[in-house]
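# When you get a sec, could you give me coordinates for this:
(one chain, ligands or ions: 2)
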Amino acid sequence: MREKDSTVSVRFVKGVGAVRERLLNRLNIRTVQDLLLYFPRRYEDRRGLTPLNSLEPGSTVSLIVRLVTMEKHRTLRAGLTLTRALFTDGRDFVHAVWFNRRGLERILTPGKEVALYGLVERRYGQMQVTNPEFEVLDEGEDPDSVGHIVPVYPLTLGLQQRWFRKLVRSCLEAEEFRPAEHLPAHICSKYNFPPLSDAVFEMHYPSAGAPWKAARDRLAFDEFFTLQVGLALRRGERSRLAEKAPLLPREGELKKRFLSDVIPYPLTSAQRRVVGEISSDLAQEIPMHRLLQGDVGSGKTVIAVLALLQAVEGGFQGAFMAPTEILAQQHFYRLSSYLTPLGVSVELLVGSLSSRDRQDALQRIERGEAHVVVGTHALFSDPVSFHKLALAVIDEQHRFGVLQKNALRNKGTQEGQAPHVLVMTATPIPRTLTLSVYGDLTVSIIDEMPPGRLPTKTWWLRKKETHRLWPFLRERHSEGEKMYWVCPLIEESESLAVASATERYEQICSIFPDIRAGLLHGQLPQEEKEATMRKFTAGEIDLLVATTVIEVGVDVSEATVMVVEDAHRFGLSQLHQLRGRVGRDGRQGYCILLGDPTTRGGVQRLKVMCATTDGFKIAEADLKLRGPGEVCGVRQHGITDFRVADLLKDRALLELARREAFDLVAEDPYLSQEPELYSHVLQTVGKYLDLAGIA
Ligand code: ADP
Ligand code: MG
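Numbers count the residues shown, from 1 in each chain. Ligands and ions are numbered 1, 2, ... in the order given. This is a model prediction of the structure:
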């Protein structure tokens with residue numbers, strides 16, 4: 001009953017009318033529960049205030065002062081205004097200055113008591129607080145504003161801290177809104193967690209020190225735990241569906257011949273280990289759900305091929321899904337060259353096939369004449385029906401389709417059967433993220449590169465220095481090496497992107513008449529794109545100017561140079577992928593990043609790229625710069641949008657939560673002993689995880 005009450009709309013709380021409700025909704029606050037879980041961005045310690053005569057330059061302070069005089073803003077130069085005010089604590093004085101904030105004089109009038117929060121600087125021999133956040137304190141109205149640690153919330157225009165604080169306070173104090181506990185009692189006592197309602201109160205009104213830390217840890221644990229319980233339930237649901245996958249023979253003639261006759265190198269020990277893990281999964285009836293993680297160039301394709309061969313060996317079909325059409329093409333050529341000699345037939349199924357070719361392909365797939373089918377997500381669209389599908393390999397590279405995988409489930413074979421699934425990714429996702437997003441998959445990691453790989457040398461050049469590249473390119477060309485020149489996709493206008501790629505291509509043709517250059521962009525007809533790609537792969541093109549269509553997975557072993565134009569426009573993982581295209585087969589690779597970044601983030605990314613080639617370090621940096629939701633492309637699913645928990649800092653808590661969650665579900669698979677937890681999990685993550693709800 002109580003729990004119901006906190007899901008009441010904020011509209012029904014005293015003081016919230018239609019206008020403020022709309023503003024609250026903008027912050028994703030719809031219910032009282034949302035409000036209670038909307039935590040402060042920071043706190044201001046207004047218990048012991050800094051006296052003005054002891055301000056230290058360089059420190060951030062919280063002051064309660066009275067306004068003496070306020071100047072109207074002045075324009076310093078175009079686009080820059082300055083507003084100055086003088087404050088006193090009754091004895092000493094301090095200036096505050098704001099840049100580009102107009103109209104302050106209407107809010108701040110002399111005599112008002114104001115809380116200031118900001119950086120102290122010494123300017124022209126005087127102390128000043130620069131661009132402080134402020135709050136006007138009307139006497140008597142808000143006893144919470146002074147003498148306490150005060151919460152400061154991330155609010156939107158039109159909502160005042162003071163009003164919001166009062167709203168939260170009133171809901172915190174209302175008995176009927178008290179959040180109901182959902183963590184199992186044994187866990188709370190084991191870790192000494194405060195009850196949920198106390199923890200929530202503490203987050204808004206901290207008593208400083210240890211209790212706050214305990215409250216925060218409890219809430220972070222709680223978020224991880226909820227997600228992990230959801231993942232554990234999903235794993236349980238899956239195994240209860242009792243779907244069976246085909247039993248595929250561990251050893252076989254095809255695999256043996258592939259290893260001895262087709263590839264010219266031995267597998268690395270990491271590849272052998274992973275192949276072992278996969279092939280024993282495939283030899284079982286429980287459908288495999290495995291994530292294969294391996295940096296760009298670590299050799300995931302041969303592993304996929306071996307798994308597909310195991311399916312074919314068992315008399316079944318395999319599917320290989322690539323994220324883009326170009327990549328599907330690439331994989332198709334590569335897989336054909338590997339498999340045709342073994343008598344295994346490979347089919348390509350992409351959107352651009354003529355309807356005639358498409359019909360034929362669909363028929364061969366349905367009749368089982370196509371052993372391995374390569375395609376885009378079109379593979380799992382409705383009209384495609386496999387004869388006997390045993391394995392789906394999904395090459396997601398750095399994109400995640402958390403939900404897509406389910407589309408596959410029903411593509412299987414007969415009733416009650418499901419294919420094995422292998423998801424491959426090149427993004428070395430930090431373990432914390434893997435656990436959160438893919439926590440119910442088993443993970444294989446290739447942690448070793450094929451031998452003889454040299455770290456790619458990376459430089460960052462300003463665009464006006466582009467000409468310095470010409471002698472370098474000539475030299476690489478004279479060594480018979482191949483080059484990529486990547487032009488950015490310009491989101492606002494594709495034709496602009498095409499124009500700039502074309503211009504660059506023409507410039508290169510005129511500077512180097514002896515270099516055979518090729519041009520590739522999205523507006524070319526499909527056949528032309530294919531032909532260009534084929535020529536580049538066959539060594540008939542020396543330098544390929546392209547928009548990002550070549551982003552992932554392309555494999556041309558003579559390629560040693562990767563030039564990325566406007567590199568600061570690319571994300572870190574994209575740059576890492578691009579760089580991974582060169583320096584294969586033991587050749588020295590070079591990556592030149594051309595760009596004039598205008599943001600700090602852009603500079604940071606280019607610096608990270610120059611500093612390391614380690615995919616894990618790059619992924620961690622990416623996580624720091626962009627946040628987990630963006631990194632995994634799961635933002636829209638919201639899975640990693642934690643309120644309190646931090647995937648980088650709370651790793652230990654995550655591991656703990658995961659263990660506890662899986663133990664709990666192992667003991668009580670339907671959570672019949674924990675009804676509050678069960679409904680909390682369904683309510684919070686059920687939708688993301690596609691949990692059926694097994695009540
Ligand atoms: P990715 O993991 O990025 O998909 P690929 O499967 O495209 O990597 O492999 C990258 C390159 O490494 C390919 O040219 C492939 O032939 C080569 N390769 C894969 N495994 C080995 C190995 N064990 N020894 C040497 N080269 C290998
Ligand atoms: Mg690949």
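
# domain ranges for the protein?
Annotated domains of the chain cover 1-44+164-180, 48-147, 182-241+660-695, 253-446, 457-612 [automatic domain parsing].

# Any idea how far apart the tips of stretch 99-108 sit?
15 Å (CA to CA, to the nearest Å).

# any idea of the pLDDT on whatever residue of the stretch 101-250 of the chain ends up closest to ligand 1?
The nearest approach of the stretch 101-250 of the chain to ligand 1 comes at residue 250, 20.5 Å away (CB to the nearest ligand atom). Backbone N, C-alpha and C define where each C-beta goes, glycine included. On the pLDDT scale, residue 250 is placed at 92.

# and it, which of the three is it?
Recorded secondary structure, residue 250: coil (DSSP: H, G, I helix; E, B strand; the rest coil).

# Residue 495 - nearest residue in space that isn't next to it in sequence?
Closest residue to residue 495 apart from its sequence neighbours, by CB to CB, 6 or more residues apart in numbering: residue 523 at 7.5 Å.

# Can you convert the domains of the chain into CSV and add a column each for mean neighbour count?
Shown next, in CSV, are these (neighbours: other CB atoms under 10 Å):
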stretch, mean neighbour count
domain 1-44+164-180, 16
domain 48-147, 15
domain 182-241+660-695, 18
domain 253-446, 19
domain 457-612, 18
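
# Compare those and give me the one nearest ligand 1.
Proximity to ligand 1, assessed across these by CB to the nearest ligand atom, is greatest for domain 253-446 (2.9 Å).

# How about that closest one and ligand 1, any contact?
Yes. Residues of domain 253-446 are located near ligand 1 by CB under 6 Å from any ligand atom, namely 265, 267-268, 271, 294, 296-302, 426.

# Need the domains of the chain in TSV (columns: mean pLDDT).
Compiled in TSV, these are given as follows (pLDDT from 0 to 100):
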stretch	mean pLDDT
domain 1-44+164-180	84
domain 48-147	84
domain 182-241+660-695	87
domain 253-446	85
domain 457-612	88
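
# so which of those gets nearest residue 646?
Among the domains of the chain, domain 182-241+660-695 comes nearest to residue 646, with 7.2 Å by CB to CB.

# Now find how far off-centre the closest one is within its chain.
Offset of domain 182-241+660-695 from its chain centre (CA atoms, centre = their mean, to the nearest Å): 23 Å.

# so the residue nearest to residue 495 is in which element?
Per DSSP states H and E: residue 523 is located in neither a helix nor a strand.

# That one against residue 499, yeah?
No. Using CB atoms under 8 Å, residue 523 is not in contact with residue 499, being 10.2 Å away.

# and the helix or strand containing residue 310, what other elements does it pack with?
According to DSSP H and E, residue 310 maps onto helix 300-313. Secondary-structure packing of helix 300-313 (3 or more CB pairs under 8 Å, 6 or more residues apart in numbering; DSSP states H and E): helix 253-257, helix 269-282, strand 289-294, strand 317-321, helix 325-339, strand 389-395, strand 420-425.

# go again using 6 Å as the cut-off
With contacts defined as 3 or more CB pairs under 6 Å, 6 or more residues apart in numbering; DSSP states H and E, the packing partners of helix 300-313 are helix 253-257, helix 269-282, strand 389-395.

# ok, back up a step: go through the residues of domain 253-446 next to ligand 1 and say which is closest to residue 153.
Distances from residue 153 to the residues of domain 253-446 next to ligand 1, taken by CB to CB, are shortest for residue 426, at 39.3 Å.

# Could you measure from the closest one over to residue 605?
Note on residue 426: its distance to residue 605, by CB to CB, to the nearest Å, is 18 Å.

# Same check on residue 660?
Between residue 660 and residue 605 the computed distance is 37 Å (CB to CB).

# again with residue 240
Counting by CB to CB, the gap from residue 240 to residue 605 is 45 Å.

# cool, residue 236 as well?
41 Å.

# Helix or strand next in line after the strand or helix carrying residue 98, which one?
Assigned by DSSP H and E, residue 98 belongs to strand 93-99. Next along the chain after strand 93-99, taking DSSP H and E as the criterion, comes helix 104-107.

# Who are the packing partners of the biggest helix by length in the chain?
Counting residues, the longest helix found in the chain (DSSP state H) is helix 210-240. Helix 210-240 sits against helix 196-204, helix 651-667, helix 675-681, with contacts defined as 3+ CB pairs under 6 Å, 6+ apart.

# what residues does the shortest one touch?
Counting by CB atoms under 6 Å, 6 or more residues apart in numbering, the neighbours of helix 675-681 from elsewhere in the structure are 182, 226, 229, 230, 671.

# between the residues you listed, which is closest to residue 58?
residue 226 (41.3 Å).

# before we move on, the earlier item: give me the sheet partners of the strand holding residue 98 and which way each runs.
Within its sheet, and counting by DSSP bridges, strand 93-99 is paired with strand 80-88 (antiparallel), strand 126-137 (parallel).

# Please state the offset of it from the chain centre?
With CA atoms, centre = their mean, you get 40 Å for strand 93-99.

# Also stretch 159-172?
Averaging C-alpha positions (CA atoms, centre = their mean) puts stretch 159-172 33 Å from its chain's average.

# Does the residue sitting furthest away from the middle of the chain belong to a helix, a strand or coil?
Distance from the centre of the chain peaks at residue 91, with 52.2 Å (CA atoms, centre = their mean). Secondary structure, three-state DSSP: residue 91 is coil.

# closest one to residue 38 among the strands paired with strand 93-99?
strand 126-137 (18.1 Å).

# Just checking: what are the partner strands of the helix or strand just after that closest one?
Per DSSP H and E, the first helix or strand lying C-terminal to strand 126-137 is strand 149-152. When sheet partners are counted by DSSP bridges, strand 149-152 sits next to strand 42-45 (antiparallel).

# Contacts for the strand it pairs with next, please.
Residues outside strand 42-45 that contact it (CB under 6 Å, 6+ apart): 62, 117, 149, 150, 151, 152.

# And for stretch 183-196?
Stretch 183-196 is contacted by residues 179, 181, 214, 215, 218, 660, 674 when judged by CB under 6 Å, 6+ apart.

# Now for the nearest residue to residue 521 once chain neighbours are set aside: which residues touch it?
Leaving aside its sequence neighbours, residue 521 sits nearest to residue 547 (CB to CB, 6+ apart; 4.5 Å). Shown in contact with residue 547 (CB under 6 Å, 6+ apart): 487, 489, 497, 501, 521.

# pretty sure the fourth one is touching residue 487, no?
Yes. The pair residue 501 / residue 487 is scored as a contact, 4.1 Å apart, by CB atoms under 6 Å.

# Quick check: residues of the protein near ligand 1?
265, 267-268, 271, 294, 296-302, 426, 450, 555, 557, 584.

# Would you check that residue 289 makes contact with residue 421?
Yes. Judged on CB under 6 Å, residue 289 makes contact with residue 421 at a distance of 5.3 Å.

# wouldn't the residue nearest to residue 495 be in contact with residue 498 here?
Yes. Contact criterion CB under 6 Å: residue 523 and residue 498 qualify, at 5.2 Å.

# Okay, and residue 645 sits in which element?
Using DSSP H and E, residue 645 falls within no helix or strand.

# What's the separation between it and residue 184?
For residue 645, the distance to residue 184 - CB to CB - is 18 Å.

# How confident was the prediction at residue 451?
87.

# Any idea how many residues pack against it?
When neighbours are defined as other CB atoms under 10 Å, residue 451 has 9 of them.

# Leaving aside the residues adjacent along the chain, what's closest to it?
Per CB to CB, 6+ apart, closest to residue 451 is residue 268, 7.1 Å.
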